[in-house]
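In: Okay, predicted coordinates and the sequence, questions at the end:
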Amino acid sequence: MQAETSALGAKLTGAGIGGCEVALVAKKKLKQVDAQLEKQLEPPSSQEKPTRESELKSRAIILKLGGSAITIKDKPCTANQSVIENLAREIAEAKVQQLVLVHGGGSFGHPLAKEYAINEGLKHPSQIIGFSKTHDAMTVLNQLVVETLIRHNIPAVGIAPSSFVVTKLGRIEKMKVNIISKMLEMGFVPVLYGDAVLDTSRGFAILSGDQLIAKLAIVLGAERIILGVDVDGLCTSDPKSDPSARLIEHTNLNELKREHSWIDKAKVTDVTGGMYGKIIELIPAIEQRARTLIVNGTKQGTVRRALCNEKVKGTIIDRE
Ligand code: IPE
């Protein structure tokens with residue numbers, strides 16, 4: 001890992017992206033990223049083992065609709081209604097028995113969270129209104145998604161993660177999941193989202209939809225996680241800027257650990273880390289054998305096929 005970090009650091013320097021200072025910053029960043037990855041690869045603590053919730057029943061599917069897929073990322077607070085409409089139709093067609101939906105923030109949550117530095121915690125009273133604005137923007141997007149699902153006869157219920165999750169230093173510390181599992185048992189489709197939440201150390205934080213789905217997958221003992229984003233899956237480089245980017249169809253945790261440097265980092269306003277952040281977050285759930293699939297949620301038929309466990313273009317991430 002260390003050798004790879006240095007090699008990548010050298011590559012960045014060699015590419016002349018900004019001289020010694022930039023290379024040093026990049027190296028420092030990569031060290032932090034390595035440490036984070038090592039931490040995520042540690043066996044989950046007893047607190048993270050599947051609980052009674054997962055023994056009770058089901059093998060739920062957790063579907064995350066990335067903000068990149070359901071919003072227009074460079075237009076503030078603009079939903080991609082045609083994509084949401086199409087996804088709702090496909091989710092209805094798939095008739096999954098136990099489904100938890102989580103959506104991202106895209107152009108609703110991220111710009112406000114960034115403007116008010118919500119992820120840095122409460123440092124100044126002027127951020128308080130920013131927390132409200134960020135949460136409010138997410139409730140607007142949530143309502144849009146829920147309404148569309150209900151129109152397609154899906155018994156969707158929007159639930160604010162800020163009402164049942166508290167973080168500590170940005171990581172989920174407490175999560176009252178019984179309401180979600182009860183809803184699943186009753187046949188509802190809970191619709192959660194990345195949210196501004198209270199944090200016991202910093203006052204508040206941004207809880208990404210990705211951290212949330214990984215935790216839910218563990219606690220509910222989910223069978224599969226499906227991530228619908230705006231690219232075909234994990235690629236060898238950024239497919240939006242590099243025509244030679246190759247889709248990685250199948251990978252596992254060891255490979256991810258070895259090859260993590262190729263995971264693309266988001267270039268737009270994303271306070272929760274882009275594709276790289278997503279994968280890092282999912283690792284504990286994959287450790288618990290939640291098979292993870294990343295697909296393009298903007299391409300017709302993809303999410304339906306993924307939900308129905310049919311062959312589909314994308315990246316499968318297995319434990320081994
Ligand atoms: C971010 O959630 C939520 C806020 C910024 C409030 P995500 O990090 O899951 O959102 P996307 O999918 O990357 O847009």
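Out: Sure, I can see it. Residues are numbered from 1 along each chain as shown.

In: which ones are touching L169?
Out: D199, S201, R202, A205 (CB atoms under 8 Å, 6 or more residues apart in numbering). In short, each C-beta sits where N, CA and C put it, glycine included.

In: now the closest residue to the first one other than its chain neighbours: how far from E115?
Out: For D199, ignoring the flanking residues on the chain, the nearest one in space by CB to CB, 6 or more residues apart in numbering is A205 at 4.0 Å. Taking CB to CB, to the nearest Å as the measure, A205 falls 16 Å from E115.

In: Looking at these two, which one has more neighbours?
Out: Taking neighbours as other CB atoms under 10 Å, A205 and E115 compare with A205 leading, 28 against 13.

In: helix, strand or coil for that one?
Out: Classification of A205 using DSSP: H, G, I helix; E, B strand; the rest coil returns strand.

In: Partner strands of the host helix or strand of T167, with direction?
Out: In this assignment (DSSP states H and E), T167 forms part of strand 165-168. Paired neighbours of strand 165-168 in the sheet (DSSP bridges): strand 171-175 (antiparallel), strand 195-199 (parallel).

In: Let me have those in a markdown table, adding distance to the ligand and mean neighbour count as columns.
Out: Shown next, in a markdown table, are the strands paired with strand 165-168 (distance: least, CB to the nearest ligand atom, whole Å; neighbours: other CB atoms under 10 Å):
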| stretch | distance to the ligand | mean neighbour count |
| --- | --- | --- |
| strand 171-175 | 13 | 15 |
| strand 195-199 | 6 | 23 |
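
In: where does C308 sit relative to the ligand, distance-wise?
Out: Between C308 and the ligand the computed distance is 23 Å (CB to the nearest ligand atom, to the nearest Å).

In: what's near enough to touch that residue?
Out: By CB under 8 Å, 6+ apart, C308 lies in contact with A94.

In: Kindly report the same for T251.
Out: T251 makes contacts with L234, E259, T315, I316, I317, D318, as judged by CB under 8 Å, 6+ apart.

In: Now do the SS call for it.
Out: Under three-state DSSP, T251 comes out as strand.

In: same thing with D232?
Out: Applying three-state DSSP to D232 yields a three-state assignment of coil.

In: I'd say it and L293 touch.
Out: No - contact status for D232 versus L293: not in contact, 11.5 Å apart, counting by CB atoms under 8 Å.

In: Can you show me the helices along the stretch 1-150 of the chain?
Out: Secondary structure of the stretch 1-150 of the chain, counting by DSSP state H, counting those that start in this stretch: helices at 2-14, 19-41, 52-56, 67-70, 81-94, 106-115, 127-151.

In: Filter the contacts of T251 down to the ones in strands?
Out: T315, I316, I317, D318 (DSSP state E).

In: Against the ligand, how distant is the first one?
Out: Spelled out, that is T315. 16 Å.

In: Wait, that residue touches L234, no?
Out: Yes - under the criterion of CB under 8 Å, T315 makes contact with L234 at 4.2 Å.
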